[in-house]
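# I would like to see how this sequence folds:
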Amino acid sequence: VFIKEVRREMTLKAGQRCTGVRRIFVPENKLEEVYKAIAAALAQTTIGNPLDPAVRMGSRAGSTQRHEVKEQVSRLLTSSQLVYGSPDSV
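Residues are numbered from 1 along each chain as shown. This is a model prediction of the structure:
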């Protein structure tokens, strides 16, 4: 249930909600298990044109927003590690 809810909060409205998940807390001895489970859950999310009924998460509004997201991810990576996806293939 935890993994399902984290995935839902990460993908609902593409993170554009003020109540969307910003961070999750996981016991240190469960970190690897949890990030692998979240990565597997996120891999099931179809990203693309929201007009396609198979798509579950649309794209960003434009290149300016894409650039801003990549900058913020870069900032986060100074104190954390990426466990799913790639900023270069957004």
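# Confidence-wise, which helix or strand of this structure is lowest on average?
For the chain, counting by mean pLDDT, DSSP states H and E, strand 57-58 ranks last in confidence among helices and strands (a mean of 74).
# ok, it: who's next to it in the sheet?
The pairing partners recorded for strand 57-58 under DSSP bridges are strand 47-48 (parallel).
# Report the mean per-residue pLDDT for the strand it pairs with.
Mean pLDDT, strand 47-48: 80.
# So for the helix or strand hosting residue 38, what gets flagged as buried?
Per DSSP states H and E: residue 38 is located in helix 31-43. Residues of helix 31-43 classed as buried by neighbour count (16 or more other C-beta atoms under 10 Å): 34, 35, 37, 38, 41, 42. From N, CA and C alone the C-beta is placed, and that goes for glycine too.
# Now do the same for the closest residue to the first one other than its chain neighbours: helix, strand or coil?
With sequence-adjacent residues excluded and distances taken as C-beta to C-beta, 6 or more residues apart in numbering, residue 34 is closest to residue 26, at 4.7 Å. Following DSSP: H, G, I helix; E, B strand; the rest coil, residue 26 is assigned to coil.
# tally of neighbours for residue 26?
Using other C-beta atoms under 10 Å, residue 26 has 15 other residues around it.
# ok, it touching residue 32?
No: Residue 26 is beyond contact range of residue 32, at 9.6 Å (criterion: C-beta atoms under 8 Å).
# All good on my end, thank you.
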